[in-house]
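Student: Build me a model:
(chains A and B)
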Amino acid sequence: MKKPTMAIAGLTACSGCQLTLLNCEAELPEVAGCFDLIFFPMGISGGDECASVDVAIVEGAVSTPDDLETLLHLRSRSRFLVAFGTCALWGGVAAMKNHESRTELTKIVYHDVAGEVLTFNPEPFHFFVTVDFAIPGCPPEKDELLALLSSLLRGSFPVFPIYPVCTECRNRENRCLLVEDNELCLGPLIQAGCGARCPAAGIVCEGCRGPVAEANVASEMELLMQKGFPREEIISRMRRFCPEWNYEQRH
Amino acid sequence: MSSVIDIRPLTRVEGHGRVSVFLDGKRVEGVRLTLTESPRLFEALLVGKGFEEVPAIICRICSLCSSVHRITSLMAVEKALGIGVTEQAQLHRELILNGGHIQSHALHLFCLVLPDLFGVCGFTDLAEKAPEELKRGLRIKAAGNLIQETVGGRLIHPVTLIPGGMGKPVGREGLLKLKEALEAILPDAANALELFSTFTSPCSALSPSSFMAVEPGSAPPLFGERLITGDGEGFSVDDYRSAFREEVSPDTHAKKSLVNGKSVTVGALARLNLGMELAPRAAAAFERCRDRIVGADIRANNLAQSVELIHAVERSLEIIDILLDRGFEREKPEKICPHPQLQLRWSRPLHCRRRHYPHRHQSSPHGAQPSGPRPVAGRSG
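Tutor: Residues are numbered from 1 along each chain as shown, chains lettered A, B, ... in the order given. Next comes the predicted model:
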């Protein structure tokens, strides 16, 4: 059987999603044998920039004309496009201030040459192109990446959980940081799949995997405000990884 | 007649860039490296955020060195608030920093550099051409990552390190597992040094580097609050703004930092040249290749990283032994209540403020007097 061809690339991001592949130390030699990795600038030189591929796995938000060009190019030459990680799926850390003026933000960093910097609000892929599959997380889980790769070899996509981090956290019988400790934990709103790593280590869910479908946002806001957290602080925390929330959403 | 060869994208590096080679006939007239990293505007993202958010945002600067970014921002926040951390938290920070060095150096040496030394395109070809070397590198990297995940809560962007303390410490079982993994790779790390000392660079010597590193001696290796340069100059981190000048270059979003008007080299090579204190095996290894590292140009950085790799494994083992020996209990993280003058528009639930600042509604327009209380870390209800 012909090996599936794959491209891996990054746009506006920290390279953490691509590093997640390289962090699969035990599986990496096997992955290299199962796929024809024809374009992966972070890991391999001399890749083919023009060949069509079966799957393109791409991390990062779209925030520059170069990013958009790369994304459109990868979309047009791939059968499946996978948004890899929270930046590609929701906008991520770089997008947390999309409600403020990009020009003013740029001036804070680049001062009098800010006008020469080509940058626009970092946005997720689905603002520009059709996305076939997504892996959430900042960083994404190794297991979810490996589940995707093995499913692709069998011609399908894996099924990821559609419940919140809270469910996984309760299953692990962690102490509840939100109800028992009155901390600003976003677990009830966030897509599961991480095994509630952070609450298991005694740290609140910071929301790095983005909103779960049918999140009860309004109830969480009310609960946190009852506990004395100002609305602005809650919104600031929710925007860290995903700038667009419906704060009135109830289910 | 001149022409330009553009190498784009720059490969086997973390980040985005391109190299332009300017030719006059067959003669190279110049080479230009352009970093095309998209601006994420971190300095602007932090404006208006509470201090607790800073480390979590800052560690996203880079995935390979997220632990370093996190710890550096923790140190900055704690210094600003005038608070310290316990021995347990400090040891965990040092352990994860060494774990980060192990995984980052192993990734660089074995996945990004080694393909060049074997004349192949990347790790996929190494799997066929030098499978044993690749596997050894991946074993070392996996041990470093085990530290990251066990201490930090996850592989990239650690979460357990927070201002003024930490979440759940690593239990005895976790420490023993780490110890076993690290002891298993000590010989691999020694082999890595042998491997990288067999390669010589094909081109002639480059201009000598001007080094800068954290001043050794005052704190555990890699930590400290003073920087020194190869010229013998030193300055405190407090003088950062006067000692460093940032320049914006055309075509690149990365700013150039100049120290007293000069470019400096940092990293493993700089640290070894400026007297980093090494653990015994690493010190012995350094002695064997000292003449190839001291005063060498940047090409010796790979060898320097191999020495640091041994050091990071040894030092991690030392820290694990201390943690096993002391058997620390889990500490409840202290609630930090910044001085009223330092408080942002929102920073903590009201019950926390109320306890320490009963007069918060009567504050004068100038805030607290300079002689007022130091910022305190206190336990909230």
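Student: For the chain, just list every one of the strands.
Tutor: You didn't pick a chain, so chain A it is. For chain A, strands defined by DSSP state E occupy the ranges A:5-10, A:36-39, A:53-59, A:78-84, A:133-135.
Student: The chain in question should be chain B.
Tutor: B:2-7, B:17-24, B:27-35, B:161-162, B:165-166, B:212-214, B:226-229, B:234-236, B:244-248, B:255-259, B:335-337, B:376-378.
Student: Nearest to residue A:228 among the strands of chain A would be which one?
Tutor: Proximity to residue A:228 (CB to CB) singles out strand A:133-135 among the strands of chain A, at 35.2 Å. Placement of C-beta: from N, CA and C, glycine included.
Student: What is that closest one packed up against?
Tutor: Counting by 3 or more CB pairs under 8 Å, 6 or more residues apart in numbering or on different chains; DSSP states H and E, the packing neighbours recorded for strand A:133-135 are strand A:78-84, helix A:86-90, helix A:142-153.
Student: Buried residues, it. List them.
Tutor: A:133-135 (16 or more other CB atoms under 10 Å in any protein chain shown).
Student: cool, stretch B:207-227 as well?
Tutor: Applying 16+ other CB under 10 Å to stretch B:207-227 flags B:209, B:211-216, B:220-222, B:224, B:226-227 as buried.
Student: Now pLDDT too, for those, in JSON lines please.
Tutor: Output for the buried residues of stretch B:207-227, formatted as JSON lines (pLDDT from 0 to 100):
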{"residue": "B:209", "pLDDT": "84"}
{"residue": "B:211", "pLDDT": "96"}
{"residue": "B:212", "pLDDT": "96"}
{"residue": "B:213", "pLDDT": "96"}
{"residue": "B:214", "pLDDT": "95"}
{"residue": "B:215", "pLDDT": "95"}
{"residue": "B:216", "pLDDT": "94"}
{"residue": "B:220", "pLDDT": "90"}
{"residue": "B:221", "pLDDT": "89"}
{"residue": "B:222", "pLDDT": "91"}
{"residue": "B:224", "pLDDT": "92"}
{"residue": "B:226", "pLDDT": "94"}
{"residue": "B:227", "pLDDT": "95"}
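Student: okay, among the residues you listed, which ones form the most distant pair?
Tutor: Largest pairwise distance in the buried residues of stretch B:207-227, by CB to CB, is 25.0 Å, between B:209 and B:220.
Student: Tell me the residues of the stretch 101-250 of chain B that contact chain A?
Tutor: B:103, B:107, B:111-112, B:115, B:121-124, B:127, B:131, B:134-135, B:138-139, B:141-142, B:145, B:153-157, B:159-160, B:162, B:167-168, B:248 (CB under 8 Å from any CB of the partner chain).
Student: Quick one, which of those are buried?
Tutor: Buried among those by 16+ other CB under 10 Å: B:103, B:107, B:111-112, B:115, B:121-124, B:127, B:134-135, B:138-139, B:141-142, B:145, B:153-157, B:159-160, B:162, B:167, B:248.
Student: Helices of the chain, start to end?
Tutor: Going with chain A. A:16-22, A:28-34, A:65-77, A:86-90, A:102-110, A:142-153, A:165-171, A:197-200, A:217-226, A:231-238 (DSSP state H).
Student: not what I meant, chain B
Tutor: Under DSSP H, chain B gives helices at B:42-46, B:54-58, B:66-81, B:87-106, B:114-117, B:123-129, B:131-152, B:172-197, B:240-243, B:268-273, B:280-293, B:301-326, B:350-356.
Student: Apart from its chain neighbours, what residue comes closest to the residue nearest the centre of chain A?
Tutor: Taking CA atoms, centre = their mean, the centroid of chain A lies closest to residue A:86, which sits 1.1 Å from it. The shortest distance from residue A:86 to any non-neighbouring residue, by CB to CB, 6 or more residues apart in numbering or on different chains, is to residue A:138 (4.2 Å).
Student: For residue A:178, see how far away that neighbour is.
Tutor: Going from residue A:138 to residue A:178 by CB to CB, to the nearest Å gives 21 Å.
Student: Tell me the spacing between residue A:105 and chain B.
Tutor: Separation of residue A:105 from chain B (CB to the nearest CB, to the nearest Å): 4 Å.
Student: wouldn't that residue be in contact with residue B:40 here?
Tutor: No: counting by CB atoms under 8 Å, residue A:105 sits too far from residue B:40 to count as a contact (10.1 Å).
Student: Read off the pLDDT value for residue B:360.
Tutor: Looking at residue B:360, its pLDDT reads 34.
Student: hmm, back to that, turn the strands of chain A into TSV, columns for mean pLDDT.
Tutor: Shown next, in TSV, are the strands of chain A (pLDDT from 0 to 100):
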stretch	mean pLDDT
strand A:5-10	97
strand A:36-39	94
strand A:53-59	98
strand A:78-84	98
strand A:133-135	98
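Student: Quick check: which of these is nearest to residue A:218?
Tutor: Closest approach to residue A:218 among these is made by strand A:133-135 (25.1 Å; CB to CB).
Student: quick check: domain ranges of the chain?
Tutor: Picking chain A for this. A:5-153, A:165-238 (automatic domain parsing).
Student: looking at chain B here, not the other one
Tutor: Taken from automatic domain parsing, chain B resolves into B:2-35, B:50-326, B:337-378.
Student: so how far is the longest one from its chain's centroid?
Tutor: Think domain B:50-326. Mean-position distance between domain B:50-326 and its chain equals 5 Å (CA atoms, centre = their mean, to the nearest Å).
Student: from the chain's centre, how far out does the lowest-mean-pLDDT helix or strand in chain A sit?
Tutor: Ranked by mean pLDDT, DSSP states H and E, the weakest helix or strand in chain A is helix A:28-34, scoring a mean of 91. Between the centre of helix A:28-34 and the centre of its chain there are 24 Å (CA atoms, centre = their mean).
Student: Cool, thanks, signing off.
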